[in-house]
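S.K.: the sequence isn't on hand, but the structure is:
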């Protein structure tokens, strides 16, 4: 257990510096080096999510060598942050290669379609990191980084959707959509405009599948934490549709307001909504401490989505101030989520220790 906290701390450094870089890109003067702004995407996806997801999978595999993978990702993020343009991306690439190794080991234990989908996400991370290591610009790499997160989350939802005992036809539909997604990624090498159109269509199909077959449609009627998680999922699927629509209509994007809108609809609206929803499940398995959910968790969830609406309206309408404030409030929602999760869990731990002490007193 002790080895997990330093690894998670490396991921947190990538997250916090990645958020600062994003705010710097939006024009907020935080006093950080201007070069940091260019590292927003690499720090958030390859650094933070690469470390977090590989740590989660290392814990699930429960083999000591697997912990080298999040260590590589976290150290790669630190070196990138320190200005290394070779060692940092190289370690991130080696970390993503290790993540594929973790999935290969997991598949030897259990050959399941959801693991194959998540492994495909790890392969997408390798391609993205390697392309960035070789000097490709972030807009050329970002479809692969995005696929890493989308496929990882989709694979986890496919696993849980099996609770509803869908027939084989439903799973085949899902795998067909994933196959189409893979084709769109391969097209980025030969016909990027078509690749972006197809990626947009694929994300919409995936979101519609999740809205139709995910357990969230049923669990949203239940009270407490279960309903909160379901709302996080359903709102995230809605943003996946939005991001997919922008890509489907606009095609290849390399900069500008539509680029910002498409990426953050998926990477903030979909991905961070999933993080908010999955945290009460993932944190206990990774850190061994339960997350004490409280109804006020809806506060940072509402703030995340409301701020994203402000940001996208600012993008579409050319209101730069709205875009800036939307981005700032998005970052604030993520920080509140971290603070509330850590704070309530700490209070709950203290309460449990006191109960145990009183029982033996």
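M.R.: Now that the structure is in, tell me what you want to look at. All values derive from a computational prediction rather than experimental measurement.

S.K.: distance from the chain centre to stretch 250-269, please.
M.R.: 16 Å (C-alpha atoms, centre = their mean, to the nearest Å).

S.K.: list the contacts of that stretch.
M.R.: For stretch 250-269, contacts defined as C-beta atoms under 8 Å, 6 or more residues apart in numbering pick out 44-45, 137, 139-140, 142, 146, 149-150, 192-197, 200, 203, 235-236, 238-240, 242-244, 246-247, 304-305, 308, 311-312, 314-316, 318, 323, 327, 330. For the C-beta atoms, the positions are set from N, CA and C on the backbone; glycine is no exception.

S.K.: type out the PyMOL command that picks the buried ones from those.
M.R.: Buried residues within those, by 16 or more other C-beta atoms under 10 Å, are selected in PyMOL with:
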select buried, resi 44+45+140+142+146+149+150+192+195+196+197+200+203+235+236+238+239+240+242+243+244+246+247+304+305+308+311+312+314+315+323+327+330
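
S.K.: quickly find the element holding the most centrally placed residue in the chain.
M.R.: The geometric centre of the chain, computed from its C-alpha atoms, lies nearest to residue 271 (C-alpha atoms, centre = their mean), at 4.3 Å. Using DSSP states H and E, residue 271 sits in helix 271-287.

S.K.: buried residues of that helix, list them for me.
M.R.: Buried residues in helix 271-287, defined by neighbour count with 16+ other C-beta under 10 Å: 271-280, 282-283, 286-287.

S.K.: so what's the gap between the helix or strand following it and the chain middle?
M.R.: On the C-terminal side of helix 271-287, the closest following helix or strand by DSSP H and E is helix 297-317. Helix 297-317 has its average C-alpha position 17 Å from the chain's average C-alpha position, going by C-alpha atoms, centre = their mean.

S.K.: mean confidence for helix 297-317?
M.R.: Helix 297-317 shows a mean pLDDT of 97 in the predicted model.

S.K.: follow-up on the earlier one: want to try TSV for the buried residues of helix 271-287, with pLDDT as columns?
M.R.: Formatted as TSV, the entries for the buried residues of helix 271-287 read as follows, by pLDDT from 0 to 100:
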residue	pLDDT
271	98
272	97
273	97
274	96
275	96
276	96
277	94
278	90
279	89
280	84
282	81
283	78
286	78
287	74
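
S.K.: got those residues as CSV, with distance to residue 340 columns?
M.R.: Formatted as CSV, the entries for the buried residues of helix 271-287 read as follows, by distance: C-beta to C-beta, whole Å:
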residue, distance to residue 340
271, 19
272, 14
273, 15
274, 17
275, 13
276, 10
277, 14
278, 15
279, 10
280, 11
282, 16
283, 12
286, 18
287, 16
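
S.K.: from those residues, pick the one nearest residue 95.
M.R.: The shortest gap between residue 95 and any of the buried residues of helix 271-287 belongs to residue 286, at 16.7 Å (C-beta to C-beta).

S.K.: tell me who's in contact with that closest one.
M.R.: 4, 8, 55, 56, 59.

S.K.: out of those, who's nearest residue 337?
M.R.: The nearest member of these to residue 337, counting by C-beta to C-beta, is residue 8 at 14.9 Å.

S.K.: show me what counts as buried in the helix or strand hosting residue 60.
M.R.: When elements are assigned from DSSP H and E, residue 60 belongs to helix 50-61. Using 16+ other C-beta under 10 Å as the burial criterion, the residues of helix 50-61 that qualify are 50, 51, 52, 53, 54, 55, 56, 57, 58, 59, 61.

S.K.: go on, stretch 220-239?
M.R.: Along stretch 220-239, the positions that meet the burial threshold by neighbour count (16+ other C-beta under 10 Å) are 225-226, 228-239.

S.K.: wait, isn't residue 121 in contact with residue 146?
M.R.: No: with contacts counted by C-beta atoms under 8 Å, residue 121 stays clear of residue 146, the gap being 10.0 Å.

S.K.: local confidence estimate at residue 71?
M.R.: According to the model's per-residue confidence, residue 71 sits at a pLDDT of 97.

S.K.: what's the spacing between the strand or helix carrying it and its chain's center?
M.R.: If you go by DSSP H and E, residue 71 is part of helix 68-81. The chain centroid and the centroid of helix 68-81 are separated by 17 Å under C-alpha atoms, centre = their mean.

S.K.: can you check stretch 168-177 too?
M.R.: A distance of 23 Å separates the C-alpha centroid of stretch 168-177 from that of its chain, computed with C-alpha atoms, centre = their mean.

S.K.: give me the angle between the helix holding residue 271 and helix 50-61.
M.R.: Going by axes from the mean of the first three to the mean of the last three C-alpha atoms, to 10 degrees, helix 271-287 is angled at 40 degrees with respect to helix 50-61.

S.K.: now the angle from helix 271-287 to helix 297-317?
M.R.: 150 degrees.

S.K.: isn't residue 209 right up against residue 171?
M.R.: No: using C-beta under 8 Å, residue 209 makes no contact with residue 171, being 10.1 Å away.

S.K.: more neighbours: which of these two?
M.R.: More neighbours sit around residue 209 than around the other of residue 209 and residue 171, counting by other C-beta atoms under 10 Å; the figures are 21 against 16.

S.K.: now that one: closest residue in space, sequence neighbours ignored.
M.R.: Using C-beta to C-beta, 6 or more residues apart in numbering and skipping residues adjacent in sequence, the residue nearest residue 209 is residue 174, 5.7 Å away.

S.K.: kind regards, and thank you for your time.
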